[in-house]
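*Asks:* Sequence and computational prediction follow.
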Protein chains: 2
Amino acid sequence: MKAKIIITPKKAVLDPQGKTVQSALEHMGYAGVAGVHVGKYVEIDLAPGTDRAAAQQAINEACHRFLSNPVIEDYKLEIE
Amino acid sequence: MKAKIIITPKKAVLDPQGKTVQSALEHMGYAGVAGVHVGKYVEIDLAPGTDRAAAQQAINEACHRFLSNPVIEDYKLEIE
């Protein structure tokens, strides 16, 4: 079982990395780019036999406490 | 239309950031973590009316040339 976490800066927060990638893409001739957001991706392999609901709760808590900064970042957690 | 790109280190490549997160999770009392991989997430907003197939091809090329390092990283592109 894997937990996949995507952490992105909140829309209201400046995203200089995204702006840089956007202008680089434009300079390289890729047209039609309306915006770029750059975030982090964390994939957690869970030990076999882990309870899905318990894992979801624990990882949600870890995301809040440690993996993301809830002041400036949003995260999306998927367990598969 | 959005392109979502997940860039992860190849399995054979050392992932010190993932190892650090894994040991941190263990120290914080989260059991059952078999492995952690940390990568990048890039979301590209495409201008309305962009052709899906052309966008896919252009972004694939950009991923190879610029957004990822194909020597040590894999990427996964989804357009929605």
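*Replies:* Arrived safely. Numbers count the residues shown, from 1 in each chain, chains lettered A, B, ... in the order given.

*Asks:* near chain B, anything from the helix or strand of chain A with the lowest mean pLDDT?
*Replies:* Least confident helix or strand, chain A: helix A:52-62 with a mean of 92, by mean pLDDT, DSSP states H and E. Yes. Judged by CB under 8 Å from any CB of the partner chain, helix A:52-62 and chain B are in contact via A:Ala55, A:Ala58, A:Ile59, A:Ala62. Just so you know, the C-beta spots here come from the backbone N, C-alpha and C atoms, and that holds for glycine as well.

*Asks:* hey, C-alpha coordinates of that helix in CSV?
*Replies:* Presented in CSV, the C-alpha positions along helix A:52-62 are these (Å, rounded to 0.1, in the frame of the first residue of the first chain):
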residue,chain,number,x,y,z
ARG,A,52,-5.9,1.7,5.7
ALA,A,53,-8.1,4.0,7.9
ALA,A,54,-5.4,4.1,10.7
ALA,A,55,-2.7,4.9,8.1
GLN,A,56,-4.8,7.6,6.6
GLN,A,57,-5.3,9.2,10.0
ALA,A,58,-1.7,8.9,11.0
ILE,A,59,-0.4,10.3,7.7
ASN,A,60,-2.9,13.2,7.7
GLU,A,61,-1.5,14.1,11.2
ALA,A,62,2.1,13.8,10.0
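
*Asks:* State the next helix or strand along the chain beyond that helix.
*Replies:* Where DSSP states H and E defines the elements, the next helix or strand beyond helix A:52-62 is strand A:73-79.

*Asks:* That next one: partners in the sheet, and parallel or antiparallel?
*Replies:* strand A:2-9 (antiparallel) (DSSP bridges).

*Asks:* Quick check: buried residues in the partner strand?
*Replies:* For strand A:2-9, the neighbour count (16 or more other CB atoms under 10 Å in any protein chain shown) marks A:Ala3, A:Ile5, A:Ile6, A:Ile7, A:Thr8, A:Pro9 as buried.
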